[in-house]
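Asker: what follows is a predicted structure for the sequence shown.
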Amino acid sequence: MGLRIRLKSGERVILNGCVIRNVGGSRMDIEVENRSDVLRGDEIISKKDACTPVRGIAHAIQHALASRDHREELLPHISSSLNAIEAVLNPVVAPAIEAVRDCINKEDYYGALKSLGPLLAREAQLLRLAAPSGAAPGVAA
């Protein structure tokens, strides 16, 4: 049995670089029967939401996952961004960054996104600590 995906009306999924949207008025079930790169709608980070350094890396990795044609130009950007994050937050994030790099070297972009989880959580924690009282993270007071 493969991966079963249930899409609500209007919901998107990226499947091997192809963006699929359910345009029907009801739920749609699809089953992926082989190894594929899949990003579900709630995992997709929009360009607008890529407003922090780690979320920007996540957006670039998901773009590499979705678009083989742009990988060559994205990979140096991803690498330099990981280096910058590591320089600021090392050694706290070193294991997560190494996991991301390992996945990218194996061309496992979904795994790289999953490995960013601890970095995203750490970044969110730091932004909450740095935000002025009453201001949302990432919003100037």
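Answerer: Here it is on my side, so go on. Numbering: from 1, shown residues only.

Asker: what are the buried residues along the longest helix belonging to the chain?
Answerer: In terms of residue count, the longest helix belonging to the chain (DSSP state H) is helix 71-89. Buried residues in helix 71-89, counted by 16 or more other C-beta atoms under 10 Å: Arg71, Leu74, Leu75, Ile78, Ser81, Leu82, Ile85, Glu86, Leu89. (C-beta placed from N, C-alpha, C; glycine too.)

Asker: go on, stretch 21-28?
Answerer: By neighbour count on 16+ other C-beta under 10 Å, the buried set for stretch 21-28 is Asn22, Met28.

Asker: got the domain boundaries for the chain?
Answerer: Using automatic domain parsing, the domain parsing of the chain gives 3-43, 53-130.

Asker: just checking, Val54 touches Leu116?
Answerer: Yes: using C-beta atoms under 8 Å, Val54 is in contact with Leu116, at 6.5 Å.

Asker: leaving out chain neighbours, which residue sits closest to His77?
Answerer: Among residues not flanking His77 along the chain, Ala60 sits closest, at 5.8 Å (C-beta to C-beta, 6 or more residues apart in numbering).

Asker: which strand or helix spans that neighbour?
Answerer: Per DSSP states H and E: Ala60 is located in helix 53-66.

Asker: could you check the angle helix 71-89 makes with that helix?
Answerer: 160 degrees (axes from the mean of the first three to the mean of the last three C-alpha atoms, to 10 degrees).

Asker: contacts for helix 53-66?
Answerer: Residues outside helix 53-66 that contact it (C-beta atoms under 8 Å, 6 or more residues apart in numbering): 14, 17, 19, 37, 39, 43-47, 49-50, 70-71, 74-75, 77-78, 81-82, 84-85, 100, 104, 109-110, 112-113, 116, 119-120, 122-123.

Asker: I'd like the next helix or strand past the helix or strand Val19 falls within.
Answerer: Here Val19 sits within strand 18-21, counting by DSSP H and E. Using DSSP H and E, the helix or strand that follows strand 18-21 in sequence is strand 28-32.

Asker: in that following strand, what counts as buried?
Answerer: Met28.

Asker: and the next helix or strand after it, what does it pack against?
Answerer: Where DSSP H and E defines the elements, the next helix or strand beyond strand 28-32 is strand 38-40. With contacts taken as 3 or more C-beta pairs under 8 Å, 6 or more residues apart in numbering; DSSP states H and E, strand 38-40 sits against strand 3-7, strand 12-15, helix 53-66, helix 109-115.
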